[in-house]
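Colleague: what's the 3D shape of this:
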Amino acid sequence: MVVQRRVNNGRKIRRESIAQSHPEGTKEFYDQMTRSRYRLQPWLPGPLRSWVPRGRVLEIGCGAGSDHSVIASIARDTVAVDLAERGARLTQTRLELEGRPGVAQVADAESMPFPDESFDGVCSFGVLHHTDHPERGVAEMRRVMRPGATFMMALALGWYVIVTGCR
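Modeller: Now for the predicted structure:
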């Protein structure tokens, strides 16, 4: 399989192909996906690690689970959601392979299947600006946050803007 990504290289945008040479779902596959993810966004792991609360954390838009692996290494309990079944499946497989707590499932960021005030932290990286109604996704983030919960969100606006806060 070949994954194509747009890479911002100064002023030029180039396409980068990442040939995956390891079978999907193996440790080597996830190691390769993580290297690729953080080569393209090397600034992300530090702020992510320093933000993750110790309680129950929700990630919206988990993809292959690279960020969720970091979250699950710190938080007591985690939930990852992705609109795509494949993303949820890849993340769930990764959690099991790494022996990390949590569950990954298919869900829509604009209408999540969780009770009000369910999480101590909610994060979303480069996802909500792709939804049909980003304001609904933000409202859902707030709805599922417990009082005092924190959030971390990154939006791509030609560059990434990280927003953090507390309910």
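
Colleague: V70 and W51 touch, don't they?
Modeller: No: using Cβ atoms under 8 Å, V70 makes no contact with W51, being 10.0 Å away. Just so you know, the C-beta spots here come from the backbone N, C-alpha and C atoms, and that holds for glycine as well.

Colleague: Provide a list of residues in contact with the spatially most central residue of the chain.
Modeller: Of all residues in the chain, the one closest to the mean position by Cα atoms, centre = their mean is C62, 3.8 Å from it. Residues near C62 by Cβ atoms under 8 Å, 6 or more residues apart in numbering: H68, A80, V81, D82, G87, A88, T91, A104.

Colleague: Throw those residues into a markdown table and include secondary structure, pLDDT and neighbour count, thanks.
Modeller: Listed next are the contacts of C62 as a markdown table, based on DSSP: H, G, I helix; E, B strand; the rest coil; pLDDT from 0 to 100; neighbours: other Cβ atoms under 10 Å:
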| residue | secondary structure | pLDDT | neighbour count |
| --- | --- | --- | --- |
| H68 | helix | 97 | 30 |
| A80 | strand | 98 | 30 |
| V81 | strand | 98 | 24 |
| D82 | strand | 97 | 27 |
| G87 | helix | 95 | 20 |
| A88 | helix | 97 | 21 |
| T91 | helix | 97 | 29 |
| A104 | strand | 98 | 25 |
